Each structure stands twice: as structure tokens, then as C-alpha cells.
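**Q** Attaching a predicted model along with its sequence, questions to come.
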Amino acid sequence: MNKELKFEIYSTTAISLLLSIPYYLFSEQTLEKYTYDIMILIIFISLSVGLFIKSKSTKHTILLKLFSIFIFFHFVFFPFVYVYLLNTNPNNIKIEKDVLDSEIISSYDNIDEIYGRTLLEKEKLINNILHNEKDFIKVKVNSLKLNQMLILKENIAVLNYSFETKGKHPRFFETFFFYNKKGEYITDLKIRDENILNIENLLKNELINVRKLQSLKKKEIEQVKTHKFWSYKNILPYSINIFYTSNFVPKSKISNIVYFIHNTFIFVIILSLIIGFLQNFFTNKIN
């Protein structure tokens with residue numbers, strides 16, 4: 001691999017990641033929720049930047065630059081503008097009811113996938129143990145053995161390992177698995193801090209974490225209820241198909257202006273690409 005090609009690959013990747021940073025700041029949400037958004041962004045930005053860099057070393061300079069500009073603005077810039085417009089005021093753009101209902105259901109599923117369906121059950125269990133299991137919560141964590149079963153008044157706790165794939169460094173954690181007296185799984189508590197002295201400290205720390213997650217979950221549910229849940233990933237399929245569709249209709253003044261600019265931009269770029277291609281074709285044919 002020559003130095004020029006290496007430079008193109010490294011520079012394209014670096015610029016793509018750099019341009020993706022504002023999206024992290026703009027969203028202010030968990031990385032897990034926006035993993036696919038970031039991946040799609042990097043693909044389009046890499047393609048755009050790569051074509052722009054490649055245009056400097058080919059005879060089709062203008063065509064490649066035009067195509068690079070088209071990809072960036074049509075697949076990256078304008079979708080972000082529509083996300084902003086919708087999340088600022090959902091009435092800016094009318095989304096067809098079937099499409100909106102489908103996206104709402106998908107958003108609720110994503111919330112459950114990220115935050116889990118058992119936060120309330122976990123909070124209830126922790127409060128119950130803290131109030132009613134005084135002997136259990138005083139037990140030192142390092143005094144317990146792997147697979148040790150502890151019989152509580154209403155539940156059964158078993159210490160074992162669990163593997164977590166989330167985060168930067170997937171790893172094993174010592175984990176308390178809680179079951180009811182019928183042996184049915186309820187929830188689990190991972191021991192993330194090795195300095196935890198006893199089960200009471202573990203439960204109180206987990207309770208703080210659960211309440212934070214509950215607050216974030218309620219916030220996101222409220223965003224879905226008010227139709228301010230849009231992200232790059234779920235607006236992209238509708239924003240790239242803006243011709244002859246009723247799925248995506250501008251309603252406010254600002255959205256109509258943006259929509260007009262977007263349509264004009266696409267028309268001018270496509271026309272320029274066609275003219276440039278025909279010019280190159282006839283020039284090569286004459287030569």
C-alpha cells in the first residue's frame with residue numbers, strides 16, 4: 001500500500017470521526033442509543049471525504065467533487081436540519097400517520113432495549129431488601145463464595161458471574177441473581193466496584209443508579225409522547241426521498257424554505273453531474 005493511499009484512508013477516517021463529534025454533543029444521549037446513527041454517519045462522511053480527496057488525483061475532478069458535495073449535504077447535512085426542525089416543533093413537518101405510528105412503536109422498543117423493562121421491579125426489590133433484610137445487607141461481599149445461595153424472607157439470592165458486552169471494555173462481573181421463592185428470575189445486581197464493603201453499600205449504590213436511569217427513561221418516554229424523538233437514523237429514509245412523497249411534508253415557513261433549498265440543491269447538483277458526464281463523454285469521443 002503506497003503512502004498516498006495510506007494518507008487518504010487515514011485522513012478520511014480521521015475527518016469522519018471529527019465531523020461525528022458534534023452529533024454526540026447535540027444529542028446528549030447515551031452512546032448505545034446512537035450507535036447505528038454514528039455508524040451510518042461515518043460511512044457517508046467517509047465516502048464524501050474520500051471522493052473529495054480522490055478527485056485531486058484524477059481527470060474527473062469536477063464530477064467527483066460534485067458527487068462528494070451531493071453525498072455530504074443530501075445524506076448528512078439536510079437530515080440533521082430536519083431532525084432539528086422536528087425535535088424543536090413537530091408541527092414543522094407533517095409525517096404520515098402510519099409512518100409516525102411505526103416510528104413511535106420503534107422508539108418505545110428502543111427505550112426498553114436500552115434501559116430494560118425491569119427498572120421498577122429492581123427498585124422495588126432493593127427497597128424491600130433494605131427495609132426487611134437487616135441481616136442480609138450487613139453481609140460482607142468478599143465473605144461469600146461463588147454459587148452460594150442465600151435464602152431471604154421473600155426471595156433467593158445467588159452469587160455468580162455475568163458477562164456484560166456493553167461499554168468500551170466487555171468483562172465479567174460478580175453478580176447477585178435474585179429469584180422469587182418459585183425459582184423465577186426477577187433481576188440481578190452487578191458488583192462493579194471492588195471496594196464495596198457489604199451488600200447494603202451495593203444496594204444503595206445500585207438504587208441511585210436505577211433512579212438515574214428511571215429519570216432518563218421517563219424523559220425519553222416524554223419525548224416520544226410529544227413526537228420529539230427523531231434522530232438521524234430514523235429521519236434519513238424519509239429525508240433522502242423528498243420527491244413525490246406524502247410521508248414527509250413541510251408545514252411551517254422555515255421548513256418550507258429548507259425543503260425548497262434542499263430540492264433546488266439536488267436539482268442543480270444532478271443537472272451539473274449530467275452536464276459534466278456528457279461533457280467528458282463527448283470530449284473523450286472527439287479525442
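**A** All right, it came through fine.
**Q** Could you tell me the end-to-end distance of stretch 76-96?
**A** End-to-end span of stretch 76-96 (Cα to Cα, to the nearest Å): 22 Å.
**Q** Can you give the contact residues for that stretch?
**A** 19, 23, 26, 41, 44-45, 48, 103, 223, 226-232, 235-236, 238-240, 246-252, 254-255, 258, 262, 265 (Cβ atoms under 8 Å, 6 or more residues apart in numbering). C-beta coordinates here come from the backbone N, C-alpha and C atoms, glycine included.
**Q** what's the burial count for residue 180?
**A** Using other Cβ atoms under 10 Å, residue 180 is surrounded by 12 other residues.
**Q** So for it, what's the pLDDT?
**A** Here the pLDDT value assigned to residue 180 is 90.
**Q** Hmm, it is touching residue 151, no?
**A** No - contact criterion Cβ atoms under 8 Å: residue 180 and residue 151 do not qualify, at 11.9 Å.
**Q** Give the helix, strand or coil label for residue 94.
**A** Three-state call for residue 94 (DSSP: H, G, I helix; E, B strand; the rest coil): strand.
**Q** which strand residues sit across from it in the sheet?
**A** residue 249 (DSSP bridges).
**Q** and the gap between it and residue 86?
**A** The spacing between residue 94 and residue 86, counted by Cβ to Cβ, to the nearest Å, is 10 Å.
**Q** The two: which is more packed in?
**A** residue 86 (21 against 16).
**Q** That one is in what secondary structure piece?
**A** Taking DSSP states H and E as the criterion, residue 86 maps to helix 78-88.
**Q** how far does that helix sit from the chain's center?
**A** 16 Å (Cα atoms, centre = their mean, to the nearest Å).
**Q** Also stretch 253-269?
**A** 27 Å.
**Q** Residues contacting that stretch, please?
**A** With Cβ under 8 Å, 6+ apart, stretch 253-269 has contacts from 66, 69-70, 73-74, 78, 81-82, 85, 92-93, 242-243, 250.
**Q** low pLDDT regions in the stretch 101-250 of the chain?
**A** 117-118, 163-172, 194-195, 244 (pLDDT under 70).
**Q** Could I get the full set of helices for it?
**A** 119-132, 134-137, 199-225, 232-239 (DSSP state H, counting those that start in this stretch).
**Q** circling back to that earlier point, could you flag which of the contacts of stretch 253-269 are buried?
**A** 66, 69-70, 73-74, 78, 81-82, 85, 92-93, 242, 250 (16 or more other Cβ atoms under 10 Å).
**Q** For residue 114, see how far away residue 188 is.
**A** From residue 188 to residue 114 the distance is 17 Å (Cβ to Cβ).
**Q** circling back: which of the contacts of stretch 253-269 lies closest to residue 59?
**A** Residue 59 has its nearest neighbour among the contacts of stretch 253-269 in residue 66, at 14.4 Å by Cβ to Cβ.
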